[in-house]
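Visitor: structural data only, the sequence is not supplied:
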């Protein structure tokens with residue numbers, strides 16, 4: 001499964017002195033006197049901001065508030081400054097806008113460990129239109145990007161999607177993991193697919209299709225071949241650890257399910273098979289598929305990492321079909337037209 005980097009993978013060497021554009025979700029309710037009535041979302045953003053500050057970064061904070069039509073004073077983020085300053089234990093600087101010369105000056109003057117709060121990004125209609133020029137202006141004041149706004153992840157706006165084209169790395173903040181309600185430690189999360197994953201689970205349920213997910217995982221204290229490892233339940237990965245392979249119970253469950261099949265399409269390894277310590281799940285599935293092929297089962301290996309995995313195991317010639325297409329072969333199975341194929345002349 002493809003993964004996204006999290007902010008926890010960035011260390012002091014990556015962050016010290018760097019300007020980090022943090023897209024937070026500070027869309028909090030305000031009363032008529034512009035007082036915050038519920039600061040939950042502000043508090044949820046604090047761990048990510050503090051982590052960056054501890055590593056010597058300069059944080060440029062962006063958010064929307066409400067649904068303003070153009071510049072609307074009652075939707076200004078100014079009332080959030082005192083609470084943010086209190087929670088962070090430092091004076092947060094408020095920008096008069098989210099783009100422009102004044103913002104550039106304030107960002108340039110920001111000290112290491114400083115925080116600049118930009119004005120409501122939705123004061124510009126270009127935000128929700130994901131306008132590339134607007135996204136470029138937002139990104140111009142920073143070196144890298146952290147998305148900590150889980151509540152806006154389903155929207156492709158300039159501050160959530162557009163800026164990632166101009167800032168590298170673009171990583172996910174800690175809020176995303178909490179949104180799943182599970183302890184996933186330092187495991188990498190593909191935040192732009194959370195909604196899709198939820199809908200797939202629902203679709204499988206409604207169609208009576210059994211969706212097998214790992215019940216146990218092999219976790220590591222770091223992303224390295226020599227990492228410390230242990231087996232834990234998939235729903236309780238400890239803080240500071242990351243899942244790098246499926247565990248023995250999961251392998252057994254998957255093996256039993258595969259034994260009942262006539263056709264298997266495999267896309268994506270079970271874990272980080274490039275590291276020997278975390279290759280057991282992938283190797284076990286590859287070996288079983290080779291055996292099943294010998295018994296007349298059709299086995300299709302769908303591209304990229306899965307192909308590399310069966311080749312590494314020396315089993316590529318034991319499979320019915322190897323497709324280098326990856327995502328393209330899956331889209332073909334879905335019945336989607338492939339632009340690169342459509343563009344070819346008819347025979």
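Guide: Perfect, thanks for sending it. For clarity, every value in this text was computed on a predicted model and none was experimentally measured.

Visitor: OK, contacts around residue 40?
Guide: By Cβ atoms under 8 Å, 6 or more residues apart in numbering, the contact list for residue 40 reads residue 28. Every C-beta, even on glycine, is put in place using the N, C-alpha and C of the backbone.

Visitor: ok, it to residue 118 distance?
Guide: Computed as Cβ to Cβ, to the nearest Å, the residue 40 to residue 118 distance reads 21 Å.

Visitor: just residue 208 next, same as before
Guide: 49 Å.

Visitor: more neighbours: which of the two?
Guide: residue 118 (25 against 6; other Cβ atoms under 10 Å).

Visitor: off-centre distance for stretch 111-131?
Guide: 21 Å (Cα atoms, centre = their mean, to the nearest Å).

Visitor: and it, which residues are buried?
Guide: For stretch 111-131, a neighbour-count test (16 or more other Cβ atoms under 10 Å) marks 113-124, 126-128, 130-131 as buried.

Visitor: so which of those are in strands?
Guide: 115-117 (DSSP state E).

Visitor: mind putting those in TSV, distance to residue 24 and pLDDT included?
Guide: Shown next, in TSV, are those (distance: Cβ to Cβ, whole Å; pLDDT from 0 to 100):
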residue	distance to residue 24	pLDDT
115	11	98
116	13	98
117	9	98
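
Visitor: specify which member of those residues is nearest to residue 268.
Guide: residue 115 (38.9 Å; Cβ to Cβ).

Visitor: hmm, residue 52 and that closest one touching each other?
Guide: No - Residue 115 lies out of contact with residue 52 (Cβ atoms under 8 Å); the separation is 9.1 Å.

Visitor: mutual contacts of those two, please.
Guide: With Cβ under 8 Å, 6+ apart, residue 115 and residue 52 have common neighbours residue 59.

Visitor: isn't residue 110 up against residue 53?
Guide: No - contact criterion Cβ under 8 Å: residue 110 and residue 53 do not qualify, at 11.3 Å.

Visitor: and the closest residue to residue 63 other than its chain neighbours, how many residues sit next to it?
Guide: Spatial nearest neighbour of residue 63, chain neighbours left out: residue 26 (3.7 Å); criterion: Cβ to Cβ, 6 or more residues apart in numbering. By other Cβ under 10 Å, 24 other residues sit near residue 26.
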